[in-house]
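# Prediction below, plus the sequence it came from.
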Amino acid sequence: MSEELFTPKNIIVTGGCGFIGSNFVHYVVDNHPDVHVTVLDALTYAGNIANIAGLPEDRVEFVHGNICDAELLDRIVPGHDAIVHYAAESHNDNSIAN
């Protein structure tokens with residue numbers, strides 16, 4: 001019996017401009033040439049667009065926005081196979097306030 005693993009072709013990476021998220025985006029680009037990545041990031045204190053600079057524009061799309069914006073998600077989620085969630089308030093005081 002053979003089993004095929006599901007390989008997504010279009011993914012969204014939330015928090016993709018942060019340290020962990022951007023390293024994941026680089027990993028996907030370097031190791032999965034058939035996968036397109038949409039990076040969704042609010043670019044707060046922890047996100048830096050420079051973390052994904054230089055990646056191929058035909059494979060990596062940046063969307064500036066917040067994961068709490070339901071209308072934005074309604075627009076960008078269709079057509080994607082998976083969402084990888086790295087968006088977070090990583091500083092304790094910010095996570096409590098928001």
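Structure received. Numbers count the residues shown, from 1 in each chain.
# For beta bridges, what are the partners of the residue nearest to the spatial centre of the chain?
Centroid-nearest residue in the chain: V13, 1.6 Å away (criterion: Cα atoms, centre = their mean). Here V13 sits in beta bridges with V39, V84, going by DSSP bridges.
# how much space between it and D41?
Counting by Cβ to Cβ, to the nearest Å, the separation of V13 from D41 is 8 Å. (Glycine included, C-beta is placed from N, CA and C.)
# okay, and the common contacts of the two?
G21 (Cβ atoms under 8 Å, 6 or more residues apart in numbering).
# And the pLDDT for the residue nearest to the centre of the chain?
V13 carries a pLDDT value of 99.
# Contacts only, for it.
Contacts of V13 (Cβ under 8 Å, 6+ apart): 21, 24-25, 28, 37-40, 83-84, 86.
# Kindly indicate which of the residues you listed lies nearest E71.
Comparing the contacts of V13 against E71 with Cβ to Cβ places L40 closest, at 13.2 Å.
# so what's that closest one up against?
With contacts defined as Cβ under 8 Å, 6+ apart, the neighbours of L40 are 12-16, 63, 65, 67, 72, 76, 87.
# Report the buried members of these.
Among the contacts of L40, the ones that count as buried by 16 or more other Cβ atoms under 10 Å are 12-16, 65, 67, 76, 87.
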